[in-house]
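# Structure here, sequence nowhere to be found:
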């Protein structure tokens with residue numbers, strides 16, 4: 001399965017994207033009808049806007065129909081597919097909080113892009129890294145949505161909402177738990193929390209993931225096109241207990257040469 005997916009992704013990276021013949025890589029189907037005071041049709045419009053805005057980083061992939069449900073257990077991408085084999089994503093947003101909706105949904109789309117279903121239930125013991133990477137991607141998505149809605153909102157009256165995406169991003173970035181302790185470098189921090197993270201990818205209510213995400217985000221900010229590299233995660237060794245060094249080397253080796261720079265920088269940043 002990994003070999004076939006890897007071969008397909010290598011082929012996809014070489015395919016040109018035709019704007020005139022653009023087909024969304026996923027079609028959102030909002031199954032829940034209760035979203036507080038938000039209209040389900042508006043929720044679907046926001047989520048489809050996320051897909052359209054982030055499609056350049058999805059490597060021409062086709063994720064098909066994605067069923068979205070509002071559920072207190074969200075946000076989460078289920079390993080179990082829907083009755084028609086579709087991906088199922090649970091979100092947990094009540095009301096017209098579009099920035100929160102984008103933040104949650106883009107994180108879950110990152111899991112789909114990073115082949116989360118090839119490494120279920122923390123089998124590699126490195127799922128925490130995927131969580132941190134997807135947190136960083138969701139912050140990046142807020143930036144892109146702000147740009148998109150400032151110029152091309154789904155509806156003209158939604159244009160004024162564009163700055164709210166950036167505000168939501170900044171509010172998250174400024175949270176105290178996302179900063180490294182004074183005087184501590186990331187490798188020393190990782191060594192201190194290595195066992196905690198490998199045992200529980202959501203340890204300390206995701207605070208640890210969010211700290212790492214803040215360190216990862218600048219790596220991609222320098223070259224946003226490199227976000228395409230997340231499509232090559234989880235294609236390597238699938239045995240249990242893969243060390244982080246090997247996990248990141250597998251990611252780098254699975255990634256086309258032109259996209260390897262941020263992967264290499266992240267490996268050096270965490271393990272130097």
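Arrived safely, thanks for sending. Just so it is clear, the model here is predicted, and its values are computed rather than measured.

# Do you have the helices of the stretch 151-272 of the chain handy? List them.
162-173, 186-199, 207-221, 244-254, 260-271 (DSSP state H, counting those that start in this stretch).

# Of all the ones you listed, which one comes closest to residue 33?
Closest of these to residue 33 is helix 162-173, at 24.7 Å (criterion: CB to CB). In short, each C-beta sits where N, CA and C put it, glycine included.

# Report the angle between that closest one and helix 207-221.
120 degrees (axes from the mean of the first three to the mean of the last three CA atoms, to 10 degrees).

# ok, and what's touching helix 162-173?
With contact meaning CB atoms under 8 Å, 6 or more residues apart in numbering, helix 162-173 is reached by 98-100, 102-103, 139, 142-143, 145-150, 153, 178, 210, 214.

# Filter the residues you listed down to just the buried residues.
Buried members of the contacts of helix 162-173, counted by 16 or more other CB atoms under 10 Å: 98-100, 102-103, 139, 142, 145-146, 148-149, 153, 178, 210, 214.

# just for the stretch 1-150 of the chain, where's the confidence low?
1-22 (pLDDT under 70).

# Going along the chain, name the helices of it.
2-12, 40-54, 98-113, 127-151.

# just the ones you listed: most buried one?
Across the helices of the stretch 1-150 of the chain, the average number of neighbours (mean count of other CB atoms under 10 Å) peaks for helix 98-113, which reaches a mean of 24.

# Can you report how many residues lie near the residue nearest to residue 79 when sequence neighbours are not counted?
Excluding the flanking residues, the one nearest residue 79 by CB to CB, 6 or more residues apart in numbering is residue 120, at 5.0 Å. When neighbours are counted by other CB atoms under 10 Å, residue 120 registers 12.

# got it, and residue 235?
Residues lying near residue 235 (other CB under 10 Å) number 23.

# That one touches residue 117, doesn't it?
No. Judged on CB atoms under 8 Å, residue 235 makes no contact with residue 117 at a distance of 11.9 Å.

# any idea which residue sits dead centre in this structure?
Closest to where the C-alpha atoms of the chain average out (CA atoms, centre = their mean) is residue 110, at 2.6 Å.

# For it, give me its contacts.
By CB under 8 Å, 6+ apart, the residues touching residue 110 are 133, 134, 137, 138, 230.

# Turn those residues into TSV, columns for distance to residue 77.
Shown next, in TSV, are those (distance: CB to CB, whole Å):
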residue	distance to residue 77
133	14
134	9
137	13
138	13
230	14
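
# Among the residues you listed, which one sits closest to residue 59?
For these, the nearest to residue 59 is residue 230 (9.2 Å; CB to CB).
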